[in-house]
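# Need coordinates for the following:
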Amino acid sequence: MTTNRYLADVAITCDQNFTVIRDAAIDVNEGRITSIGPQSEAPPHQGTVHDLGGLVMPGLVNSHAHTPMTLVRGAGDGLPLLEWLTKVMWPREGQMTPEDVLWGMRLGASEMLRAGVTSTCEMYLFEESVVEASTEAGIRLVMTPGIISALHADDFGSTDGRLATITEFHKHYHDPERGVTVGFGPHSAYDLPLEFCAEVAAAARDLDALLHIHVCETQAEGMDLESANDGRSTVQLLAENGVLDGRVIAAHSVWLNDADIETYAHHDVSVAHCPVSNMKLGSGVAAVRAMRSRGIEVGLGTDGPASNDDLDLWQEIKFAPLLARVVATDAAAMSPRDALWMATSEGARAVGNRDVGTLESGQRADFIRVNLDDPTFVPVTSTDELIAHLAWSGSGRHVTDVWVGGEQVVADRQCLRIDVERAMAEVQTRGLRLASDSGT
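Sure, this is the predicted structure:
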């Protein structure tokens, strides 16, 4: 296969040293980066050369999403989380068909790709449809099929229930080389019995698969569970039941005490931080600075497009450090580098994809081009200012081109593999039906 060389004015690698390369050359062969460095030091090259200009950086990693909720975007605004779920979201989601989810994911995948999101960790239903749409769009997928009591309570303890279905799904669809990894997505300890969460965690460990679960998103959600267990915290109860023993990403994790954070660190639990969703639902602010200081890997997530209400991870890149600073009353509490790491390399590790998230030799060639010819990037008098502009002013509108596994999937802001206009029309029609059929 021919090696492609990409030239850029600047490359931000998001590696351990946050290396910035001026006049960069990146060589890609068979979906992986084979060389990256200054053009003056690039190895001899016989293949195609693409002069991109602008800034090149790793694709963004959305560490927690329910992307097919494009079908219910904006519904139930102003309700607290549990009412929002039980009175609006779950009634509409209970009416969804596999075809609905297929179109909802097509639209959401195109929205993410156009914003430079090249990987997403999804918890949702009709997982075959999510895989089909993601594969069509060209986005890298961590699929954790959801388990929700309102839909799957009859399956608890049955040999042919939801747990067995996901295990079989893993056998057929888990294929990292083709851009799909499969885990398990029990909704939460307040929604599912602890004993069942433990069963799901054991099944995930047996397959060395990711366990993806909501934890302590709101202050009140765990009160009944904790009062029934002598006041022990939700995190403590999950740990005691073995739920945190494998590869775990805990979404939100807003209401943790110091002991909970130590438990996460002890069990090597990763966190998906969703600042915009948490603000919209009035859930609170996660102690991200404390978590990261204990070595906990924290990625950024949009959550679903019904609680955000978009899938542009650049908003999380901006709001995560803003929240950290205002809570700490310390302008040094979180840096632009921290935010960009969380959206790329740290987020990739958090969801278990350690061969994406950085621009380094051997890594998968998931990268994006950012247009620097924009007022928001002027002036630049130092590398630190460029990085700051990227974190504070960057947005999906600055992303012009996107590659996943070396294949271009967005060119000049146009998705190459999805009919976005048709997807918009389908989601509009299906969204109206779901609202009508559910009576919400």
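
# Isn't Val20 up against Ile12?
Yes: with contacts defined as C-beta atoms under 8 Å, Val20 counts as touching Ile12 at a distance of 5.5 Å. Quick note: C-beta positions are derived from backbone N, CA and C, even for glycine.

# pLDDT weak spots in this structure?
Filtered on pLDDT under 70, the chain yields the residue ranges 1, 152-160.

# coming back round to it: higher neighbour count, Val20 and Ile12?
Here Val20 and Ile12 are set side by side on neighbour count (other C-beta atoms under 10 Å), and the busier one is Ile12, at 25 against 17.

# which ones are touching that one?
18-20, 55-57, 340, 359, 387, 390 (C-beta atoms under 8 Å, 6 or more residues apart in numbering).

# 10 Å - rerun?
Listed by C-beta atoms under 10 Å, 6 or more residues apart in numbering, the contact partners of Ile12 are 18-21, 24, 55-58, 337, 340, 344, 358-359, 370, 383, 386-387, 390.

# The residues you listed in strands, which ones?
When the contacts of Ile12 are checked against strands (DSSP state E), the matches are 20-21, 24, 55-58, 370.

# out of those, who has the most neighbours?
Pro58 (31 neighbours).

# Can you verify my assumption that that residue contacts Arg369?
No: under the contact definition of C-beta atoms under 10 Å, Pro58 does not touch Arg369, with a separation of 11.7 Å.

# list residues touching both of these two?
With contacts taken as C-beta under 10 Å, 6+ apart, the residues that reach both Pro58 and Arg369 are Gly116.

# What ranges does the stretch 151-300 of the chain have for its helices?
Secondary structure of the stretch 151-300 of the chain (DSSP state H, counting those that start in this stretch): helices located at 162-173, 194-206, 223-227, 234-240, 258-267, 275-280, 288-293.

# Just the buried residues of the third one, please?
Of the residues in helix 223-227, those scored as buried under the neighbour-count criterion (16 or more other C-beta atoms under 10 Å) are 225-226.

# My guess is Gly439 contacts Pro91. True?
Yes: distance between Gly439 and Pro91: 7.2 Å, which falls inside the contact criterion (C-beta under 10 Å).

# Which one of these two is surrounded by more residues?
Set side by side, Gly439 and Pro91 show more neighbours around Pro91, with 20 against 8, by other C-beta under 10 Å.

# Let's see the helix ranked longest in the chain as PDB, backbone CA atoms only.
The residue-count maximum for a helix in the chain (DSSP state H) belongs to helix 420-438. What follows is helix 420-438 as a C-alpha-only set of coordinates in PDB (Å, rounded to 0.1, in the frame of the first residue of the first chain):
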ATOM      1  CA  VAL A 420     -26.500  14.300   5.900                       C
ATOM      2  CA  GLU A 421     -29.500  15.900   4.300                       C
ATOM      3  CA  ARG A 422     -31.400  12.600   4.200                       C
ATOM      4  CA  ALA A 423     -30.400  11.800   7.800                       C
ATOM      5  CA  MET A 424     -31.800  15.100   9.000                       C
ATOM      6  CA  ALA A 425     -35.100  14.500   7.200                       C
ATOM      7  CA  GLU A 426     -35.400  11.000   8.600                       C
ATOM      8  CA  VAL A 427     -34.600  12.100  12.100                       C
ATOM      9  CA  GLN A 428     -37.100  14.900  11.900                       C
ATOM     10  CA  THR A 429     -39.900  12.600  10.800                       C
ATOM     11  CA  ARG A 430     -39.000   9.800  13.300                       C
ATOM     12  CA  GLY A 431     -38.600  12.300  16.100                       C
ATOM     13  CA  LEU A 432     -42.200  13.600  15.500                       C
ATOM     14  CA  ARG A 433     -43.500  10.000  15.600                       C
ATOM     15  CA  LEU A 434     -41.700   9.200  18.900                       C
ATOM     16  CA  ALA A 435     -43.100  12.300  20.500                       C
ATOM     17  CA  SER A 436     -46.600  11.500  19.400                       C
ATOM     18  CA  ASP A 437     -46.500   7.800  20.200                       C
ATOM     19  CA  SER A 438     -45.100   8.400  23.700                       C
END
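
# list the contacts for Leu194?
So, once contact is read as C-beta under 10 Å, 6+ apart, Leu194 ends up touching 225, 228-229, 234, 237-238, 240-243.
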